[in-house]
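S.K.: Need coordinates for the following:
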Amino acid sequence: MKRREFITLLCGAATAWPFAARAQQPVLPVIGFVNSASRQGYEPQVAAFLKGLGEEGYVEGRNVAIEFRWAEGHVDRLPALVADLIHRQVVVIAATTNGAAVAAKAATTTIPIVFEVGDDPVGLGLVARLDRPGGNVTGVTQQNVVVAPKRLELLHELVPTARVFALLVDPTDATIAETNIRDTQTAASKLGVELHVLNASTEREFDGVFAKLAQLRAGGLVIGNGAYFVARNGQLAELAIRHAVPAVHSTREFVAAGGLMSYGGSIADSYRQVGVYTGRILKGEKPADLPVQQASKVEFYINLKTAKALGLNVPNTLIGRADEVIE
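M.R.: Next comes the predicted model:
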């Protein structure tokens with residue numbers, strides 16, 4: 001072999017080697033993660049999801065890849081986001097809001113779906129039964145809408161002289177909004193107080209909501225469930241403080257950001273369980289055989305510093321029932 005031919009062959013082999021090495025690397029299974037809100041404000045939930053995956057031995061970038069899709073509060077985008085994930089041939093879809101779960105369910109009957117919702121999965125049409133979901137869908141429900149009336153009761157206990165309250169809902173999340181309105185209105189009737197329903201589905205509408213609260217002389221605000229409000233915990237807490245409005249939400253993050261109270265299921269634990277179920281499906285288990293998990297613990301948090309700033313005297317009976325008191 002001539003020297004020039006040998007050098008050419010050697011260079012060609014050296015150039016081809018990295019490509020051959022890459023070709024031998026295993027192709028990672030891809031998880032599709034879709035949510036109605038934006039990633040900003042949902043980092044704790046994403047971390048909990050990744051923790052659950054880790055419990056089943058899956059680490060992003062090491063032995064699994066994740067394609068994240070966020071609707072940024074525009075629920076009409078969800079079908080297209082889900083369709084894109086299906087086009088990318090994901091092996092399982094983690095649909096982590098009511099709207100995302102419904103969109104995923106409508107889009108595929110073959111790709112496994114693991115949902116996280118705040119409503120009744122049977123009522124949403126996601127599964128036939130909680131214990132034997134059947135089909136390609138299973139997941140976790142907090143059913144926070146069930147405890148929404150309790151938030152009004154806690155607020156009334158803290159502001160017993162108030163006769164007017166308001167409920168904030170996202171009209172684009174119709175199922176949750178309708179259930180929140182119905183059940184909270186029932187609670188208001190039992191308490192003998194007046195309840196006004198206020199709508200907001202964009203940040204631009206928040207200022208109008210708090211201006212309306214002042215016009216109503218509302219004694220407190222119950223913030224309804226839904227991904228949009230969860231993602232804006234900090235903003236809602238800041239507005240409630242600025243306008244001196246006693247408010248109650250569903251998550252601890254609201255209270256940590258300066259909000260007065262929260263009452264609801266542990267969202268972090270629900271997302272962790274979604275990660276666990278996703279990992280189990282990656283290992284070969286079928287969604288039909290995995291019963292829908294229901295959040296068993298409802299958590300109550302209260303911010304005494306905020307209560308003091310609002311001039312509220314928190315009774316010891318309320319403090320004693322709190323899972324955590326922030327001072």
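S.K.: CA atoms for contacts and neighbours, from now on please.
M.R.: Noted.
S.K.: ranges for the helices of this structure?
M.R.: 3-24, 43-55, 78-87, 98-107, 144-158, 174-191, 206-216, 227-230, 233-242, 252-256, 267-282, 304-309, 316-321 (DSSP state H).
S.K.: How many neighbouring residues does residue 192 have?
M.R.: Residue 192 has 11 neighbouring residues, counting by other CA atoms under 10 Å.
S.K.: ok, residue 151 - contacts?
M.R.: The contact partners of residue 151, taken as CA atoms under 8 Å, 6 or more residues apart in numbering, are 222, 248-249, 262-263.
S.K.: Look up how far residue 298 lies from residue 169.
M.R.: 21 Å (CA to CA, to the nearest Å).
S.K.: Please apply the same query to residue 60.
M.R.: Distance from residue 60 to residue 298, by CA to CA: 30 Å.
S.K.: just residue 217 next, same as before
M.R.: 30 Å.
S.K.: One more: residue 57?
M.R.: Taking CA to CA, one finds residue 57 at 28 Å from residue 298.
S.K.: what's the answer for residue 94, then?
M.R.: For residue 94, the distance to residue 298 - CA to CA - is 23 Å.
S.K.: and residue 312, what does it touch?
M.R.: 158-159.
S.K.: where does it fall, phi/psi-wise?
M.R.: Dihedral angles of residue 312 (phi, psi; degrees, to the nearest 10) stand at phi -100, psi 140.
S.K.: what's stretch 112-129 in contact with?
M.R.: By CA under 8 Å, 6+ apart, the surrounding residues in contact with stretch 112-129 are 91-98, 101-102, 104-105, 130, 133-146, 176, 225-226, 270-271, 274, 277-278, 281, 286-287.
S.K.: quick one: buried residues of that stretch?
M.R.: 112-121, 124, 126-127, 129 (16 or more other CA atoms under 10 Å).
S.K.: Distance to residue 235 for those - can I get that in a markdown table?
M.R.: Formatted as a markdown table, those follow (distance: CA to CA, whole Å):
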| residue | distance to residue 235 |
| --- | --- |
| 112 | 35 |
| 113 | 32 |
| 114 | 29 |
| 115 | 26 |
| 116 | 23 |
| 117 | 23 |
| 118 | 21 |
| 119 | 24 |
| 120 | 28 |
| 121 | 29 |
| 124 | 29 |
| 126 | 32 |
| 127 | 34 |
| 129 | 37 |
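S.K.: can those go into TSV with extra columns for pLDDT and distance to residue 190?
M.R.: Below are these laid out as TSV (pLDDT from 0 to 100; distance: CA to CA, whole Å):
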residue	pLDDT	distance to residue 190
112	98	43
113	98	39
114	98	37
115	97	34
116	94	31
117	90	28
118	80	24
119	78	23
120	83	24
121	91	28
124	87	28
126	95	32
127	95	33
129	92	32
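S.K.: Inside strands: which ones of the residues you listed?
M.R.: Judged by DSSP state E, these include 113-117 as members of strands.
S.K.: Residue 169 and residue 298 - which one has more neighbours?
M.R.: residue 169 (25 against 15).
S.K.: okay, that one: pLDDT?
M.R.: We note a pLDDT of 95 for residue 169 in this prediction.
S.K.: and it, bridged to which residues?
M.R.: residue 199 (DSSP bridges).
S.K.: That one contacts residue 228, doesn't it?
M.R.: No: at 9.7 Å, residue 169 and residue 228 do not qualify as touching, with contact defined as CA atoms under 8 Å.
S.K.: Let me have the ones in strands among the buried residues of stretch 112-129 in a markdown table, extended by distance to residue 26.
M.R.: Formatted as a markdown table, those follow (distance: CA to CA, whole Å):
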| residue | distance to residue 26 |
| --- | --- |
| 113 | 24 |
| 114 | 25 |
| 115 | 28 |
| 116 | 30 |
| 117 | 34 |
